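Q: Take a look and give me a structure for this.
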Amino acid sequence: MLTREKLIQQIEYHDKKYWQDNSPEISDEKYDELIESLRLIDPDHPLINKVHSATTGSVKKIKHAKPMLSLDKVYNDTALFKWMDKVSRGSNEKFRIEPKLDGLSASKINNQLATRGDGEYGEDITDKMPIIMVDANDYTGSITKDPVNTRKGEIVIRKDMFNKMKGIILRDNGEPYKYERAMVAGLINRDDIKDDLTAILTFVDFNQYSIIDTDANIRNYNWQKMLNDLKEWEFPTDGMVIKLDDEHYSHSLGYTSHHPRGQIAYKHANPSATSKLLKVIWSAGKNKKTPVGIIEPVTIANAIITKVSLSNAKNIIDKDININDMLTIERAGEIIPYVVKVQPSQDRKPILIDYCPDCGTQVIYSEPDIICPNIDCSGTLSKRLTDSVARLGFEYLAGATINKLIDIGIENLIDILLLTPDDIYQLEGFADRSTQKLYDEIQRIRTYEMEDWKFVSALNIKGIGKRVSRKILETLTLDELIEANIDRLVLIDGIGIERAIDITEYFNKNKTFVNRLRSLLNVIRKETSSNKLVCFTGKADRPRNELNQIAESKGLLPTNTISNELSILVTNNINSNSTKMKKARNKPTIQIITYEQFYDL
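A: Numbers count the residues shown, from 1 in each chain. Okay, here's the model as predicted:
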């Protein structure tokens with residue numbers, strides 16, 4: 001079994017290969033296995049519910065009309081029906097069923113096109129519209145001529161088009177794309193798009209291939225046949241999407257930081273096996289204890305399984321799970337093991353705990369979880385600090401080092417920001433180089449301009465992540481938020497009475513801490529940007545990231561999009577007829593220069 005740190009390293013590596021390099025080295029199934037292995041060890045790690053989107057190089061952001069998040073997943077009828085029971089208002093509740101396309105999620109707003117991004121703001125890919133067609137119920141044709149102002153959908157390439165073009169459209173290194181999605185991402189990331197690639201990609205409207213049916217009928221569907229039939233479809237797919245047809249009701253159910261509650265994805269059924277539950281480890285989350293079952297090793301789908309997710313205390317009670325019971329387990333999507341059936345043993349031993357295994361404090365059962373009320377519990381402190389430093393922007397401070405800092409008496413973010421080289425040097429395994437690296441990282445965090453919503457998200461207020469923090473601080477200033485009462489907070493979209501209570505209680509108890517932490521950081525009201533945008537096109541004699549750093553050092557803001565806001569286009573060929581060059585020539589406010597002239601600026 002991989003250690004927690006190794007899992008994190010591998011996930012971050014494969015995230016980059018998939019989302020940034022468009023060159024995945026492992027299958028989706030293998031990647032999911034890494035994620036679910038991390039979930040068992042560290043269920044609250046930010047990587048698990050991170051909203052991914054392809055990196056396009058564009059720094060211009062477009063706000064989606066409604067959030068575009070990932071989807072939660074189920075892998076069998078039982079889990080699907082459990083979700084339907086949760087969201088249905090009766091047997092006549094209507095659901096919309098559609099294929100889950102395997103491409104790049106995007107939204108079209110007026111004459112602009114954006115990736116999913118962080119779910120609320122996407123990266124501007126408007127300059128790629130000439131190579132995209134729309135496939136929708138009310139319109140089929142060039143996306144540039146689409147009369148509908150707002151759409152959400154998936155940018156994909158038809159299987160026959162992919163087979164036709166995979167020997168023609170190649171990676172920068174000359175190698176062919178292995179998968180349809182990789183070619184889509186590759187084209188979206190290209191600086192120069194040839195005119196003969198017009199209409200090679202398709203923007204499929206999410207509602208284009210929908211079936212609308214009632215709760216009662218859906219429970220009689222043959223889901224496995226539907227999934228298998230999709231393998232023969234003209235577009236690449238990786239499952240089905242089931243969503244409430246009543247959009248107003250669906251929106252009222254709200255969102256997690258990762259997915260909407262009114263939609264879910266259904267994937268292929270799971271292989272299963274039976275094994276004996278040997279013991280349970282209660283893993284510390286930010287606010288709860290998560291049970292992980294240790295079982296006798298068993299093989300499922302060619303993988304040896306030794307751990308199983310028990311979800312939470314309520315799941316243990318509802319399924320009457322005890323030590324030494326025989327458990328029938330499945331791997332969701334052939335990945336995460338979880339319990340579907342329990343066979344009681346003769347020598348059963350209870351699982352639930354009365355005292356926290358990390359600090360010894362008597363725990364509280366708050367359905368569905370077991371909570372340690374000790375705010376100084378070493379287990380929950382480690383999780384909270386690990387999450388907080390990630391949201392502040394730390395790159396070299398992870399869980400293992402956080403635990404070492406706790407061992408020397410660190411209790412909060414202020415303690416971390418005030419660390420001296422002498423403090424760091426005493427950590428186990430730290431020498432001169434690693435000490436200086438962490439100290440420099442702390443100084444960087446203290447001095448860079450941090451948007452106010454990022455600061456608030458790092459406070460670990462219950463239910464207040466990045467998306468909600470941004471929503472609040474679009475309405476209130478940070479000073480106003482710290483002093484806000486419940487009546488004012490509930491007026492903000494997405495802030496209900498319970499969340500408002502949590503926010504006001506937090507600031508009432510921690511106002512001194514928050515203001516002290518704020519004084520150690522360079523917190524700003526909103527993101528600052530240069531008035532001058534610069535775009536690079538064509539091959540250069542330096543890596544793109546180095547060019548971006550040079551531009552930023554001179555007060556320029558790099559972008560990958562030709563727009564009215566662009567000031568400078570840098571090219572390796574003034575006479576080029578690439579799409580970007582043609583657009584730039586039609587905008588007299590854009591200065592077109594060579595790389596040599598750029599270096600001379």
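
Q: mean confidence score for the helix or strand where Lys404 lies?
A: Element membership for Lys404, per DSSP states H and E: helix 399-407. Averaging pLDDT along helix 399-407 yields 82.

Q: Let me have it in PDB, keeping just the CA atoms, if that works.
A: Output in PDB follows, covering the C-alpha atoms of helix 399-407 (Å, rounded to 0.1, in the frame of the first residue of the first chain):
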ATOM      1  CA  GLY A 399       0.500  16.800   6.200                       C
ATOM      2  CA  ALA A 400       3.700  15.100   7.200                       C
ATOM      3  CA  THR A 401       5.400  18.500   8.000                       C
ATOM      4  CA  ILE A 402       2.200  19.800   9.700                       C
ATOM      5  CA  ASN A 403       2.400  16.900  12.100                       C
ATOM      6  CA  LYS A 404       6.000  17.600  12.900                       C
ATOM      7  CA  LEU A 405       5.100  21.300  13.500                       C
ATOM      8  CA  ILE A 406       2.300  20.200  15.900                       C
ATOM      9  CA  ASP A 407       4.800  18.100  17.800                       C
END
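
Q: Downstream of that helix, the next helix or strand is which one?
A: Assigned by DSSP H and E, the successor of helix 399-407 is helix 413-417.

Q: Pull the residues that contact that next one.
A: The contact list for helix 413-417 (Cβ atoms under 8 Å, 6 or more residues apart in numbering) reads 385, 388-389, 392, 397, 405, 409-410, 442, 445-446, 458, 513, 516-517, 520-521. Just so you know, the C-beta spots here come from the backbone N, C-alpha and C atoms, and that holds for glycine as well.

Q: show me the residues around the residue lying closest to Gly262 once chain neighbours are set aside that make contact.
A: Spatial nearest neighbour of Gly262, excluding adjacent residues (Cβ to Cβ, 6 or more residues apart in numbering): Ser250 at 3.0 Å. Neighbouring residues of Ser250 by Cβ under 8 Å, 6+ apart: Val87, Lys243, Leu244, Pro260, Arg261, Gly262, Gln263.

Q: Where does the residue nearest to Arg219 when sequence neighbours are not counted fall, secondary structure wise?
A: What sits nearest to Arg219 in space, not counting adjacent residues and going by Cβ to Cβ, 6+ apart, is Phe81, at 6.2 Å. Counting by DSSP H and E, the element that carries Phe81 is helix 77-87.

Q: Show me what whichever helix or strand comes after that helix is packed up against.
A: Downstream of helix 77-87, the first helix or strand assigned by DSSP H and E is strand 94-101. Contact here means 3 or more Cβ pairs under 8 Å, 6 or more residues apart in numbering; DSSP states H and E; on that basis strand 94-101 packs against strand 211-214, helix 215-218, strand 237-244.

Q: re earlier: how about the helix holding Phe81, which residues are buried there?
A: Across helix 77-87, burial judged by 16 or more other Cβ atoms under 10 Å covers Asp77, Ala79, Leu80, Trp83, Met84, Val87.

Q: to the chain's geometric centre, what's the distance from it?
A: Centroid displacement of helix 77-87 relative to its chain, using Cα atoms, centre = their mean, to the nearest Å, is 24 Å.

Q: Stretch 570-580 too?
A: Put simply, stretch 570-580 sits 35 Å off its chain's centre (Cα atoms, centre = their mean).

Q: Mind listing what's buried along it?
A: In terms of neighbour count (16+ other Cβ under 10 Å), stretch 570-580 has its buried residues at Val570, Thr571, Ser578, Thr579, Lys580.

Q: Tell me which two of those sit farthest apart.
A: Val570 and Thr579 (15.7 Å; Cβ to Cβ).

Q: Pull the CA coordinates from stretch 568-587 and hand them back as CSV.
A: Extracted in CSV, the C-alpha atoms of stretch 568-587 (Å, rounded to 0.1, in the frame of the first residue of the first chain):
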residue,chain,number,x,y,z
ILE,A,568,0.8,43.4,-27.3
LEU,A,569,1.0,40.2,-29.5
VAL,A,570,4.5,38.7,-29.6
THR,A,571,5.2,36.4,-32.6
ASN,A,572,8.0,34.5,-34.2
ASN,A,573,6.8,35.4,-37.7
ILE,A,574,5.3,38.9,-38.5
ASN,A,575,4.0,37.5,-41.8
SER,A,576,2.2,34.5,-40.3
ASN,A,577,-1.4,33.9,-41.3
SER,A,578,-2.4,32.1,-38.1
THR,A,579,-5.8,32.7,-36.6
LYS,A,580,-4.3,34.8,-33.8
MET,A,581,-2.3,37.0,-36.2
LYS,A,582,-5.4,37.6,-38.4
LYS,A,583,-7.5,38.6,-35.5
ALA,A,584,-4.7,40.9,-34.1
ARG,A,585,-4.3,42.7,-37.5
ASN,A,586,-8.0,43.6,-37.4
LYS,A,587,-7.6,45.3,-34.1
